[in-house]
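>>> sequence and predicted model, in that order:
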Amino acid sequence: MNRFTYLMMAILLLGVMEAGAYNPRRTNTFSSYKEHAHEIGYGINLSYLRYEKSWAPQLHFHYTRYLTNYFALGLGYGSIYDEHFHQNLHLEFSVRFYKSLVLSLKPGIAYKTQNSKGRFLYAMGFETSYEFPLNDKIHIGPMLEIDYFQDDVAYLAGFHMGFTF
């Protein structure tokens, strides 16, 4: 395994250990949580495709359900608007660190059009975002992401906005 894989495993392990250290609430219902259990969010980013050597805008949407106050599962869709038009449908496994830092692992499939033909690719993404609350239901903040496609790597930077309920 390469150094990047070891680094990602160490970050996730430290995050799980830290998340357990700040005393998560243990209840059977979400009615006792002060935090909201659902989030609908979007991100507007600038992406750089490593092997195509091109810059392109990227937009993504997601729905996330927090199972505890630090762990969430979700479903997302993202698209990179370049000449090949990458589309990505993925699952999201998110871990909340501290109060505002969120790391997500996003396995999925991508669809890429090239020369008027489309093909499916596997995809894996790693995202981190920091949330600044605007009020009790809306947050906004910067995000960084790396998406590994079967034939390319995309580096993304931009902002994330989420609506919780």
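Good, I have the coordinates. Numbering: from 1, shown residues only.
>>> show the contacting residues for residue 86.
79, 80, 110, 111, 112, 149, 152, 154 (CB atoms under 8 Å, 6 or more residues apart in numbering). Where you see a C-beta, it was placed from the backbone N, CA and C, and this is true even at glycine.
>>> and residue 5, which of the three is it?
helix (DSSP: H, G, I helix; E, B strand; the rest coil).
>>> where does pLDDT dip in the chain?
For the chain, the stretches flagged by pLDDT under 70 are 1, 7-8, 10, 12-35.
>>> just the strands in it please.
Secondary structure of the chain (DSSP state E): strands at 38-49, 54-66, 71-80, 86-97, 101-114, 117-130, 132-133, 138-149, 153-164.
>>> tell me the buried residues in the first one?
For strand 38-49, a neighbour-count test (16 or more other CB atoms under 10 Å) marks 39, 41, 42, 43, 45, 47, 48, 49 as buried.
>>> wait, doesn't the fourth one sit right on residue 158?
To tie it back to what came earlier, the one meant is residue 43. Yes: assessed by CB atoms under 8 Å, residue 43 is found in contact with residue 158 at 5.8 Å.
>>> identify the contacts common to these two.
Joint contacts of residue 43 and residue 158 (CB under 8 Å, 6+ apart) are 58, 143.
>>> list the contacts for residue 150?
Contacts of residue 150 (CB under 8 Å, 6+ apart): 110, 121, 122, 123.
>>> returning to what we had before: make a markdown table from the strands of the chain and add distance to residue 2 to it.
Below are the strands of the chain laid out as a markdown table (distance: least, CB to CB, whole Å):
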| stretch | distance to residue 2 |
| --- | --- |
| strand 38-49 | 21 |
| strand 54-66 | 25 |
| strand 71-80 | 25 |
| strand 86-97 | 21 |
| strand 101-114 | 17 |
| strand 117-130 | 14 |
| strand 132-133 | 34 |
| strand 138-149 | 12 |
| strand 153-164 | 14 |
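>>> which one of these lies closest to residue 6?
Minimum separation from residue 6 across those (CB to CB) falls at strand 117-130, 13.8 Å.
>>> relative to residue 154, how far out is the nearest residue to residue 151 once chain neighbours are set aside?
Among residues not flanking residue 151 along the chain, residue 121 sits closest, at 6.3 Å (CB to CB, 6 or more residues apart in numbering). Residue 121 sits 12 Å away from residue 154, going by CB to CB, to the nearest Å.
>>> what about these two, which has more around it?
With neighbours defined as other CB atoms under 10 Å, residue 121 and residue 154 compare such that residue 154 has more, 26 against 16.
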